[in-house]
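Q: A structural model of the following input is requested.
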Amino acid sequence: MAVRIQFLPDDITIEAEAGEPLLQVAHRAGITIPTGCLMGSCHACEVELDGGETICSCISSVPPGRSHLTVNLFSDPSW
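A: Predicted coordinates:
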């Protein structure tokens, strides 16, 4: 089942499959999410989901059972 992923603040929407890595979905949408360690330890890739939950996108995938997901990218000038 396809999930509509909306990336904010750019307001770019793309369809993805449940289980697809979030970084891969962002890349397909032309969005760069900063990364560091790629293991979730440094938190450089933190994003906020529509429920306010903060996740590390480098170790996360599109959750199943949803038709829409909003991903809010943080802006940190130090990265």
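Q: low-confidence stretches in the chain?
A: The chain contains residues with pLDDT under 70 at 75-79.
Q: can you pull out the strands in it?
A: 2-8, 12-17, 46-49, 54-56, 68-73 (DSSP state E).
Q: now do the fourth one: which elements does it pack against?
A: When contacts are defined as 3 or more Cβ pairs under 8 Å, 6 or more residues apart in numbering; DSSP states H and E, strand 54-56 sits against strand 46-49. For the C-beta atoms, the positions are set from N, CA and C on the backbone; glycine is no exception.
Q: tell me the buried residues in the strand it packs on?
A: For strand 46-49, a neighbour-count test (16 or more other Cβ atoms under 10 Å) marks 46, 47, 49 as buried.
Q: what of stretch 39-48?
A: Judged by neighbour count using 16+ other Cβ under 10 Å, the buried positions of stretch 39-48 are 40, 44, 45, 46, 47.
Q: show me the contacts for the third one.
A: Read it as residue 45. 23, 33, 34, 35, 36, 56, 57, 58 (Cβ atoms under 8 Å, 6 or more residues apart in numbering).
Q: so which of those comes closest to residue 17?
A: Ranked by distance to residue 17 (Cβ to Cβ), the contacts of residue 45 are led by residue 23 at 14.3 Å.
Q: measure that closest one to residue 7 for me?
A: Distance, residue 23 to residue 7, using Cβ to Cβ, to the nearest Å: 12 Å.
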